[in-house]
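K.L.:
Need the 3D shape of this:
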Amino acid sequence: MLKQGVILHLGHNLKINRMKRLILLLIPIMAFFLSYKSEAQTSTVKEELAKAQTLAQQGKTEDASKIYISLMESHPDNREAVQGWIIANMKRTPTGEEEMIGQLEGLGKLYPKNTAILFFKAYVEGEYKHYDESLASIEKLITLQPDSASNWGFKGGLSALMNKYDEAISSYTRAIQLDPNQAEYIYNRGCAYCLKGDKANALADLKKAISLSPQLKEWASKDEDFKSLWDDEDFKKLTL
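P.N.:
Purely as a prediction, here's the structure:
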């Protein structure tokens, strides 16, 4: 699967390579602000986020957390608020990440319609191999945001990680329907087809993904999801 980067930046606290195939799709920064009703409101949120980050850097975790919680209440789709809260509150201990799952569970109960909490809960659960719980979280998120391509892409990647290739293909197909020019969804669906043993569809998706994003040629040539095709002449024509 294509590694798209990761939203959390926690240094040693969150090792992004623990998953066999990292499944999260990078969310463009501006997507965090799509739910805001005005530029003034966006500016205010940015100011609050910056203030909370400064407090956290100063070691004033409680004060920073209050701001993040307030933003969670007023802007339930704002992922930066939840991300900041996690960074400020995650314990720097060997079990800190696992404990964070429980904390996010508690936050989710307080704010059941906060899609950002659900997103990060699903991420942390998946990162630490709580796959069934992660899938349940992302499916709940999809019920709240059924037209979010990134949510369907997330489910597709998680399903592939769980070797549920038909479900992965179905989820990626929905993501592609919602965002047809996103090469990564097409590429990752091709990975799922390949892992399933469907060469024709795998190559068709890879060809289309490369046409949208030529740099994927090099990635595919080293991606172990396509390992079964590395010696295939049709695959070589696409990736050389």
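K.L.:
Touching stretch 94-112 from outside, list them.
P.N.:
13-14, 72-73, 76, 82, 85-86, 89-91, 93, 114, 117-118, 120-121, 124-125, 127-128, 130, 133 (Cβ atoms under 8 Å, 6 or more residues apart in numbering). Using the backbone N, CA and C atoms, a C-beta is placed for each residue, glycine as well.
K.L.:
Buried residues in the lowest-mean-pLDDT helix or strand in the chain, which are they?
P.N.:
One helix or strand of the chain scores below all others by mean pLDDT, DSSP states H and E: helix 39-57, with a mean of 85. Neighbour-count burial for helix 39-57 flags 42, 45, 48, 49, 52, 53, 55, 56 (criterion: 16 or more other Cβ atoms under 10 Å).
K.L.:
Could you do stretch 150-169 as well?
P.N.:
150-162, 164-165, 167-169.
K.L.:
end-to-end on that stretch?
P.N.:
Start-to-end span of stretch 150-169 (Cα to Cα, to the nearest Å) is 14 Å.
K.L.:
which element is residue 77 on?
P.N.:
According to DSSP states H and E, residue 77 maps onto no helix or strand at all.
K.L.:
State the number of residues packed around residue 219.
P.N.:
16 (other Cβ atoms under 10 Å).
K.L.:
and residue 146, helix, strand or coil?
P.N.:
coil (DSSP: H, G, I helix; E, B strand; the rest coil).
K.L.:
Need the phi and psi values for it.
P.N.:
Backbone torsions of residue 146, given as degrees, to the nearest 10, read phi -70, psi -20.
K.L.:
now it: how far from residue 126?
P.N.:
Distance of residue 146 to residue 126, given as Cβ to Cβ, to the nearest Å: 20 Å.
K.L.:
Over to residue 102?
P.N.:
From residue 102 to residue 126 the distance is 16 Å (Cβ to Cβ).
K.L.:
all helices for this structure, in order.
P.N.:
39-57, 61-74, 79-89, 96-110, 115-127, 131-144, 149-161, 165-178, 183-196, 199-212, 216-222, 233-239 (DSSP state H).
K.L.:
buried ones in the second one?
P.N.:
Within helix 61-74, the residues that qualify as buried are 64, 65, 67, 68, 69, 71, 72, counting by 16+ other Cβ under 10 Å.
K.L.:
isn't residue 82 right up against residue 75?
P.N.:
No: the criterion here is Cβ atoms under 8 Å, and residue 82 misses it with residue 75 at 10.1 Å.
K.L.:
Could you give the number of residues near residue 180?
P.N.:
Applying other Cβ under 10 Å, we find 12 other residues in the vicinity of residue 180.
K.L.:
Same question for residue 118.
P.N.:
Neighbours of residue 118 (other Cβ under 10 Å): 27.
K.L.:
Same check on residue 146?
P.N.:
Counted with other Cβ under 10 Å, residue 146 comes out at 11.
K.L.:
swap in residue 126?
P.N.:
Residue 126: 25 neighbours (other Cβ under 10 Å).
K.L.:
Please tabulate the buried residues of helix 61-74 in TSV, including the columns distance to residue 182 and pLDDT.
P.N.:
Below are the buried residues of helix 61-74 laid out as TSV (distance: Cβ to Cβ, whole Å; pLDDT from 0 to 100):
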residue	distance to residue 182	pLDDT
64	34	96
65	34	95
67	33	96
68	30	95
69	33	95
71	28	93
72	28	92
